[in-house]
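Student: Prediction below, plus the sequence it came from.
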Amino acid sequence: MNLGNLFAGPDMASRLMPEWIMILGIIAMLVVPNIGNATFRLPIPGKSWRIPYLIGGKRFALTGDPRLPKAIAAFTLFASFITALLSQMIDSGVGVAETCIAMVEGKVEVGENWCGQDATVLKVDAFSRLMEMMFTAALLLALLANWDRLPATPVNRIPTKKQRDEGVESRRLHRLLNNRRQVDFSLLILMVALGMSTVALSTNLFMLFVGLELASMASYVLISFNKETEIGPEAGVKYFIVGSVASAVGLYGLSMLYIWNGDLSISSLSSAWAAGPNGMAIIGLAMMLVAFGFKVSAVPFHFAAPDAYAGASAPVAGILATASKGMGFVALMRVLIGVTLVDDGSEWMLLIGIVAAITMTWGNIAALGSRNPKRMLAYSSVAHAGYMLAGIAAIGALGPGEGSELIATALLFHLVVLVAFKLGAFLVISLLECDNGRGHKLEHYHGLARRDPLLAVSMMIFMLALAGVPPLSGFLSKLMMVSGIISSTVGDAAGSNLSEAIGSLSWVFWLAILVFINSAISLFYYLRICVVMFFEESDRLAVPRAPLIRIAIMLCTMGTLVFGFGPLADVLASAANDAAMALFG
């Protein structure tokens, strides 16, 4: 394989630049913190000449600063986001719709003419770019918040051993431990980012699976990262075991698809599926859906999610609820829309619709009984997985058309804005967790409006957006999806009498009604948090300062508002529509 072809021309360099920035960031994370004054003695008799080789020895003041790893990671994610955004803007301006990377006889080939070919492994288009930006934005916000949750302390601010006070010694050890974990956490975040970007770009199921597992393995470690807590390691191990089983099932299904078709590219599988799948193909695809179902927390593959969300730090739980869930839905859409949509999928998608109905209903019912806000948001994420599965089922049942494109646009729009209000809610919890681990009980939110009015208002906005209350962005995404389903199903029944019209409605219509009903149910537990914040008394006054978490919360609040109505909402809806059209090809 000639890797030099990857840099062939400015066109390819601009399209793969976000990924190369991530790779360079990972390399910098491994090298820069280890740069020191190490030297190498030249083997010359009678001489003691030494030359520096920098790796090792006593680290320099800059490279030894424990704050450096997060700065490298933050710069890497920000640069990746900006380059992806600029690349998509330039492509839209010059009319370049897509660029593909193909493996042909051991060589890497690049160009638009390879799109749709079986040799294609990666595709850069509006869909992949939008998902890349969503992933990097979520990870950057979580990293920013974790700056306060896992603070790095300069050496001159760490207490010395001479201070014998037990409390001082405890703080000293805690700060030293945090300093040693800075590189680990930042490196894991970048590994997650690279894996998710690979999933977004993949048009080959093997490449997609590699990216999925790269991101997943790093996520398992992040969940149990705070190993000094009791529930963190337990949650991480449980999530790892269940995730590993799901991945093994998915890998077995992948091998069955390869045996059936001899190729794992989306275009090749789509053509073979159109000719008629056999039993092996159906079983293989179903086994892959098991792996993807775990990633999106769909029933019955959801049972490790609540413990993982509760055991992880709130920023990491926010990553699971937004970026990780989005990664799973990208994989689902690649398979269910890219492969099976060419066939009459009414019966196949009916099963997905049933899973969607059970997922959204169970998630909301379970959330009603939870008094732990993190677990409540975990069950809420299960319900949101049901809403999006309903959209995918509707696309498959209705087939290609304007209604399906509107539903796909709504799904992609929802995945993007979910970063604002779902991650924002977890960041509010993260800020309260800075106060000796508070934030995991509903009582910890009593009187928050009196203690910190801006924080309480932000949390209320996030809760209302999650419930789909207008004019927030969560309402707009649900409205687009339900409108697409109803307009595509009710039109066929127009002109009939009432009984005939109801009888002729597709099952997809009732799925849209169920989305509406479940959104109404979710209002009860979302408003419960708002009620205790504004109408209950609290015996505490102070709220942690945590300035970087507050900045991240304000960014999420602004995103929730501006993407709900106005010109920026139109811009995002247009970008989501372009991405949906690219997904349909």
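Tutor: Good, I have the coordinates. Residues are numbered from 1 along each chain as shown.

Student: so where's the stretch 401-550 of the chain shaky on pLDDT?
Tutor: 437, 488, 490-505, 539-541 (pLDDT under 70).

Student: now the helices for it?
Tutor: With DSSP state H, counting those that start in this stretch as the criterion, the stretch 401-550 of the chain has helices at 402-433, 448-451, 453-467, 473-490, 498-504, 507-535, 547-562.

Student: Now do the buried residues in the shortest one.
Tutor: Buried residues in helix 448-451, counted by 16 or more other C-beta atoms under 10 Å: 448-449, 451. Backbone N, C-alpha and C define where each C-beta goes, glycine included.

Student: Which elements pack onto that helix?
Tutor: helix 453-467, helix 507-535 (3 or more C-beta pairs under 8 Å, 6 or more residues apart in numbering; DSSP states H and E).

Student: could I get these as JSON lines with mean neighbour count and distance to residue 214?
Tutor: Compiled in JSON lines, those are given as follows (neighbours: other C-beta atoms under 10 Å; distance: least, C-beta to C-beta, whole Å):
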{"stretch": "helix 453-467", "mean neighbour count": "22", "distance to residue 214": "29"}
{"stretch": "helix 507-535", "mean neighbour count": "19", "distance to residue 214": "33"}
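
Student: got CSV for those, with distance to residue 475 too?
Tutor: CSV is the format used below for the helices and strands packed on helix 448-451 (distance: least, C-beta to C-beta, whole Å):
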stretch, distance to residue 475
helix 453-467, 7
helix 507-535, 9
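
Student: Can you say which of these is nearest to residue 199?
Tutor: Closest approach to residue 199 among the helices and strands packed on helix 448-451 (C-beta to C-beta): helix 453-467, 24.8 Å.

Student: residues making contact with the closest one?
Tutor: 380, 384, 417, 420-422, 424-425, 428, 431, 445, 448-449, 472-475, 519, 522-523, 526-527, 529-530, 533-534, 543, 550, 553-554, 556-557, 560-561, 564 (C-beta atoms under 8 Å, 6 or more residues apart in numbering).

Student: Can I get it in CSV, CA atoms only?
Tutor: Output in CSV follows, covering the C-alpha atoms of helix 453-467 (Å, rounded to 0.1, in the frame of the first residue of the first chain):
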residue,chain,number,x,y,z
PRO,A,453,-30.1,31.2,39.1
LEU,A,454,-28.2,31.0,35.8
LEU,A,455,-27.3,27.3,36.4
ALA,A,456,-30.9,26.5,37.3
VAL,A,457,-32.2,28.3,34.2
SER,A,458,-29.7,26.4,32.0
MET,A,459,-30.8,23.1,33.5
MET,A,460,-34.4,23.9,32.9
ILE,A,461,-33.7,24.8,29.3
PHE,A,462,-32.0,21.4,28.9
MET,A,463,-34.9,19.5,30.5
LEU,A,464,-37.5,21.3,28.3
ALA,A,465,-35.5,20.6,25.2
LEU,A,466,-35.2,16.9,26.0
ALA,A,467,-38.9,16.8,26.4
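
Student: Tell me what angle it forms with helix 402-433.
Tutor: Computed with axes from the mean of the first three to the mean of the last three C-alpha atoms, to 10 degrees, the direction of helix 453-467 lies at 150 degrees from that of helix 402-433.

Student: so helix 453-467 versus helix 547-562, what angle?
Tutor: Using the same axes, to 10 degrees: helix 453-467 against helix 547-562 is 50 degrees.

Student: just the angle between helix 453-467 and helix 507-535, please?
Tutor: Going by the same axes, to 10 degrees, helix 453-467 makes 160 degrees with helix 507-535.

Student: Just the buried positions in stretch 400-417, please.
Tutor: For stretch 400-417, the neighbour count (16+ other C-beta under 10 Å) marks 403-417 as buried.

Student: per the record, what domains does this structure have?
Tutor: Taking automatic domain parsing as the reference, the chain has its domains at 150-175, 344-585.

Student: Between those domains, which one is closest to residue 142.
Tutor: With C-beta to C-beta as the criterion, residue 142 lies closest to domain 344-585 of the domains of the chain, at 6.9 Å.

Student: distance between the closest one and the chain's centre?
Tutor: Centre-to-centre, domain 344-585 and its host chain are 15 Å apart (C-alpha atoms, centre = their mean, to the nearest Å).

Student: for stretch 124-134, same thing?
Tutor: 13 Å.

Student: just checking, what packs against the host helix or strand of residue 249?
Tutor: Following DSSP states H and E, one finds residue 249 within helix 231-261. Applying 3+ C-beta pairs under 8 Å, 6+ apart, we find helix 231-261 packed against helix 205-223, helix 266-275, helix 279-296, helix 305-311.

Student: out of the ones you listed, deepest packed?
Tutor: helix 305-311 (a mean of 24; mean count of other C-beta atoms under 10 Å).

Student: Render the CA-only coordinates of that helix in CSV, please.
Tutor: C-alpha atoms of helix 305-311 as CSV (Å, rounded to 0.1, in the frame of the first residue of the first chain):
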residue,chain,number,x,y,z
ALA,A,305,-26.1,1.6,30.2
PRO,A,306,-27.7,2.9,33.5
ASP,A,307,-24.9,1.5,35.6
ALA,A,308,-22.3,2.9,33.2
TYR,A,309,-23.8,6.3,33.2
ALA,A,310,-24.1,6.3,37.0
GLY,A,311,-20.6,5.0,37.6
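
Student: who's in contact with the helix or strand following that helix?
Tutor: Next along the chain after helix 305-311, taking DSSP H and E as the criterion, comes helix 314-319. The contact list for helix 314-319 (C-beta under 8 Å, 6+ apart) reads 138-139, 141-143, 145-146, 149, 192, 219, 222-223, 225, 308-310, 374, 377-378, 422-423, 425-427, 429-430, 433, 439.

Student: Need the mean per-residue confidence for stretch 351-362.
Tutor: The average of the pLDDT scores along stretch 351-362 is 91.

Student: still on that earlier bit, CSV for the domains of the chain, including distance to residue 238?
Tutor: CSV is the format used below for the domains of the chain (distance: least, C-beta to C-beta, whole Å):
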stretch, distance to residue 238
domain 150-175, 22
domain 344-585, 13
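
Student: deepest of those, which one?
Tutor: domain 344-585 (a mean of 20).

Student: re earlier: among the domains of the chain, which is nearest residue 32?
Tutor: With C-beta to C-beta as the measure, domain 150-175 is the member of the domains of the chain nearest residue 32 (14.5 Å).

Student: Nearest residue to residue 547 in space, ignoring adjacent ones along the chain?
Tutor: Using C-beta to C-beta, 6 or more residues apart in numbering and skipping residues adjacent in sequence, the residue nearest residue 547 is residue 148, 7.2 Å away.

Student: Check the average confidence over the helix or strand hosting the one you found, would you?
Tutor: Here residue 148 sits within helix 126-149, counting by DSSP H and E. For helix 126-149, mean pLDDT rounds to 92.

Student: Sweet, I'm off.
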